[in-house]
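> Any chance you could fold what I've pasted below:
(2 chains)
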Protein chains: 2
Amino acid sequence: MKNIGLIIEYDGSEFHGWQRQPDSPTIQALIEDHLTEVTGKKVVVYGASRTDSGVHAEGQVAHFTASDTIPAERWRAILNFRLPSTIRILHAEAMKPNFHAQKLVLSKIYDYRILNRHSASALDRRVLFYPKPLRWDLIREAVPLFLGEHDFKAFQNAKSAVQSSIRCLLSFELFEDYKGLYRFRIEGTGFLKQMVRTIMGTLLEIGEGKRDPKDVTKILASRDRRLAGRTVSGSGLCLVSVRYPLSFEQYRI
Amino acid sequence: MKNIGLIIEYDGSEFHGWQRQPDSPTIQALIEDHLTEVTGKKVVVYGASRTDSGVHAEGQVAHFTASDTIPAERWRAILNFRLPSTIRILHAEAMKPNFHAQKLVLSKIYDYRILNRHSASALDRRVLFYPKPLRWDLIREAVPLFLGEHDFKAFQNAKSAVQSSIRCLLSFELFEDYKGLYRFRIEGTGFLKQMVRTIMGTLLEIGEGKRDPKDVTKILASRDRRLAGRTVSGSGLCLVSVRYPLSFEQYRI
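Residues are numbered from 1 along each chain as shown, chains lettered A, B, ... in the order given. Prediction:
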C-alpha cells in the first residue's frame, strides 16, 4: 500500500465545505466517492483543513492510502478527469508512510478578501462584496491586537465544544491588491470554528465606526461570543497553504 | 443632453465580444438594450475597444448620450441592477461634451494570462490553460522584438481589411504572478484584429522550441499571415485600461 499526498485547489461557492455531510455536496465526499469507485474499495481522504461552506482553497493538502498498482502521479489525471472543473488536483505524489495531512499540521495560512467599492466584481468570486464606506485606518489599528496566543472563545461558533479555545496567530497582515480589494493574510497554529469569519465581522464593525479598535482586547478577555461581531460569509475566505515540519516535497518518496 | 462616461468590468466567457452582433449576446448590445428600455429612446454606446469573443475587461471605457433628467451617477445602479452579474459598471460619470471613449484613445493596455502547469485552474477563468512544458527563457528573448512601430500585417486576421497595418507597441512585459501563471502586459497605440492572440500563439510555438526567438523579426518583415503562429483563444485576454490625453477623472464635469 502507498500513502498518496494531494494538493487541491477549489472554488467552494457550490460546495458545503470540505467535510463529508449526509445530504450535501462536499469536496471530501466527491474525492472519496471517485476513489472508491476507481479502486472498488472504501477510501478515506484526510484533509488538513475542514473548510466551511463556500470557503475556497488554493492549497488544501490531503492524503489517502491506495494499492501499489496505480503510479502515484496518475491519481492527478484520474481525479481531474472525474471531478467538476471547480475542484482541481494540483499534485498527487507518493509520500513517506509517516506523512499525515491533518495530524502533522504546524500552521495554516488563509486569505480573506473584501471588495470595498460601489460595484461588485464581474471577475472574482473569491470576495466578500462590501459597498459601505469603511475606515481602513481603524481596521489597520485593530489587526495587530489579534496577534499571538489568546483564548479566542469569543470568536468561536457558540455551539462548538472543543477542549481548549486557546489558539496562536503567527501573522496577520493587510494588503490592498488593487483599488478597493483588501486582502487579509492570516497564519495560525489552528483555528476555531468560524474564527476567521468572526474576526472579519468584528473588523468590519470597527471599520464602520461602530466599535473602537481597542475593543478587540476587551472582547478577547471576555471570552463571550455575544461581545464579538457577526460571522461574515465564507465567500471571501481561501485556504492558501499548510505548513508541516518538512515541506510537501520533502515528504515525497 | 449629457455625455455619460462608463468604466466597465466583464467576464467575457459567455459573450460574443463587445460589439453588437445580429444573433449573439454581446456586451454592447446588452447595455444598449437596457438603456433603450429605460429611456424609451434608441441609445448607442461607444466603447474604447471592440474586445473579441471570450475576451474579458477590467477597465473597458464607453460613453453614451442621455437626457438630463437622471443624475449621471444613477446610471451605475440602474445598469448593474439589470445586467447579468458577469458585467459590472464600475463608474458612471457626467463627462465634458468633448469626451469620446473611442476617438480619443491614445493607447490600450491588455493582459494575456497563460497557466502553464499540469492542472487547470479551479479558481480563475481568465487564463489560457497550457499544460505542455514551455521554455520561458526563449519566450522572454522574443518578447522585446515586438516593441516599437512595426507593420503587424503577419499578425492580423487574414480576412481583415484595414487601411494600414502599422501599429506601435509601447510596452510588452512578462510577469510570473504565481507558480505557473504567466502574465503578459502589452500596451499599444492600437491593435489589429486578433493581433495579441496571434502574437501569443507565435510566442507559444517559440516556447515549445518549434521556432527560434529571432524568427519574430523575419515574420514581421514578411507581412505574411501564414508565417506567424496560430491565433490562441480569447479566454486569456483581458482589457486592463485605456489611456486618453487626460485621465478619465479629468474629463468629468
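
> What residues does the stretch 1-150 of chain A have near chain B?
With Cβ under 8 Å from any Cβ of the partner chain as the criterion, the stretch 1-150 of chain A comes near chain B at residues A:9-11, A:56, A:58, A:76, A:80, A:85-91, A:117-123, A:125-126. Quick note: C-beta positions are derived from backbone N, CA and C, even for glycine.

> quick one: which of these sit in helices?
Residues of the residues of the stretch 1-150 of chain A next to chain B located in helices (DSSP state H): A:76, A:80.

> how about the strands in the stretch 101-250 of chain A?
A:107-115, A:128-129, A:148-151, A:166-178, A:181-188, A:237-243 (DSSP state E, counting those that start in this stretch).

> Any buried residues in the longest one, and which?
Read it as strand A:166-178. Using 16 or more other Cβ atoms under 10 Å in any protein chain shown as the burial criterion, the residues of strand A:166-178 that qualify are A:167, A:169-170, A:172, A:174.

> Same list (these) but as TSV, adding distance to chain B and pLDDT.
Output for the buried residues of strand A:166-178, formatted as TSV (distance: Cβ to the nearest Cβ, whole Å; pLDDT from 0 to 100):
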residue	distance to chain B	pLDDT
A:Arg167	27	95
A:Leu169	24	97
A:Leu170	21	97
A:Phe172	21	98
A:Leu174	19	98
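
> So which of those is the closest to B:Val38?
Using Cβ to Cβ, A:Leu174 comes nearest to B:Val38 of these, at 39.3 Å.

> so that closest one sits right up against A:Leu138, yeah?
No: at 11.8 Å, A:Leu174 does not count as touching A:Leu138 under the criterion of Cβ atoms under 8 Å.

> Among the buried residues of strand A:166-178, which pair sits farthest apart?
Of all the pairs that these form, the one spanning the most space (Cβ to Cβ) is A:Arg167 and A:Leu174, at 19.6 Å.

> Surely A:Gln31 is within a strand?
One thing to correct before we go on: residue A:31 is Ile, not Gln. No: counting by DSSP: H, G, I helix; E, B strand; the rest coil, one finds A:Ile31 to be helix, located in no strand.

> Can you give me the pLDDT of the residue nearest to it when sequence neighbours are not counted?
With Cβ to Cβ, 6 or more residues apart in numbering or on different chains as the criterion, A:Ile31 has its nearest non-adjacent residue at 5.2 Å, and that residue is A:Val45. On pLDDT, A:Val45 comes in at 98.

> contacting residues for A:Val45?
A:6, A:28, A:31-32, A:35, A:62-64 (Cβ atoms under 8 Å, 6 or more residues apart in numbering or on different chains).

> if we go to 10 Å?
A:4, A:6, A:8, A:18, A:20, A:27-36, A:62-65, A:101 (Cβ atoms under 10 Å, 6 or more residues apart in numbering or on different chains).

> same question, A:Ile219
A:145, A:152, A:154-155, A:198-199, A:202, A:211, A:225-229.

> same deal with A:Leu147?
Residues near A:Leu147 by Cβ under 10 Å, 6+ apart: A:168-172, A:186, A:188.

> For stretch A:101-121, list every residue counted as buried.
A:101, A:104-105, A:107-121.

> care to break chain A down by domain?
A:2-104, A:107-240 (automatic domain parsing).

> hang on, the earlier thing: overlap in contacts of A:Leu174 and A:Leu138?
Common neighbours of A:Leu174 and A:Leu138 (Cβ under 10 Å, 6+ apart) are A:Leu203.

> before we move on, the earlier item: would you mind measuring from the residue nearest to A:Ile31 to chain B?
17 Å (Cβ to the nearest Cβ, to the nearest Å).

> What separation do you get for that residue and B:Phe184?
For A:Val45, the distance to B:Phe184 (Cβ to Cβ, to the nearest Å) stands at 37 Å.

> ok, now A:Leu83?
Taken as Cβ to Cβ, the span from A:Leu83 to B:Phe184 is 30 Å.

> These two - which one has more neighbours?
B:Phe184 (21 against 18; other Cβ atoms under 10 Å in any protein chain shown).

> thinking again about what came up before, can you redo the strands of the stretch 101-250 of chain A as CSV with distance to B:Pro71?
CSV is the format used below for these (distance: least, Cβ to Cβ, whole Å):
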stretch, distance to B:Pro71
strand A:107-115, 24
strand A:128-129, 23
strand A:148-151, 48
strand A:166-178, 27
strand A:181-188, 27
strand A:237-243, 37
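
> What residue, apart from its backbone neighbours, is nearest the residue nearest the centre of chain A spatially?
Chain A has A:Leu239 as the residue nearest its centroid, 3.5 Å off, counting by Cα atoms, centre = their mean. Spatial nearest neighbour of A:Leu239, chain neighbours left out: A:Ala57 (4.1 Å); criterion: Cβ to Cβ, 6+ apart.

> contacting residues for that neighbour?
The neighbours of A:Ala57, taking Cβ under 10 Å, 6+ apart as the test, are A:7-12, A:18, A:27, A:47-49, A:51, A:87, A:110, A:237-242, B:122-123.

> which of the residues of the stretch 1-150 of chain A next to chain B are buried?
The buried subset of these (16+ other Cβ under 10 Å) comprises A:9-11, A:56, A:58, A:76, A:80, A:86-91, A:117-123, A:125-126.

> quick one: contacts for the closest residue to A:Ser13 other than its chain neighbours?
Closest residue to A:Ser13 apart from its sequence neighbours, by Cβ to Cβ, 6+ apart: A:Arg125 at 5.6 Å. Listed by Cβ under 10 Å, 6+ apart, the contact partners of A:Arg125 are A:11-13, A:54, A:56, A:86, A:235-236, B:11, B:85, B:123-125.

> of all these, which two lie farthest apart?
Longest span within the contacts of A:Arg125, Cβ to Cβ: A:Gly54 and B:Asp11, 19.3 Å.

> Does A:Ile70 touch A:Ile78 like I think?
Yes: assessed by Cβ atoms under 10 Å, A:Ile70 is found in contact with A:Ile78 at 7.4 Å.

> Common neighbours of the two, please.
Joint contacts of A:Ile70 and A:Ile78 (Cβ under 10 Å, 6+ apart) are A:38, A:92.

> residues near the closest residue to A:Arg76 other than its chain neighbours, how many?
Leaving aside its chain neighbours, A:Arg76 sits nearest to A:Ala92 (4.1 Å; criterion: Cβ to Cβ, 6+ apart). The local packing of A:Ala92 (other Cβ under 10 Å) involves 28 other residues.

> can you pull the contacts of A:Ala92?
Taking Cβ under 10 Å, 6+ apart, we find A:Ala92 in contact with A:4-8, A:62-64, A:66, A:70-80, B:118-119.

> coming back round to it: next, give phi and psi for the residue nearest to A:Ser13.
phi -90, psi -10 (degrees, to the nearest 10).

> What's the per-residue pLDDT of it here?
88.

> ok, now A:Asp68?
84.

> any idea how far it is from A:Gly229?
Applying Cβ to Cβ to A:Asp68 and A:Gly229 gives a distance of 51 Å.

> higher neighbour count, those two?
A:Gly229 (22 against 9).

> show me the contacts for the more buried one.
With the criterion set at Cβ under 10 Å, 6+ apart, A:Gly229 makes contact with A:154-155, A:197-206, A:208, A:210-211, A:215, A:219.

> quick one: it from A:Ile7, how far?
33 Å.

> Please name the nearest non-neighbouring residue to A:Ser171.
Per Cβ to Cβ, 6+ apart, closest to A:Ser171 is A:Glu187, 4.6 Å.

> Next: A:Gln194.
A:Gln194 sits nearest to A:Asn157 (Cβ to Cβ, 6+ apart), 4.4 Å away.
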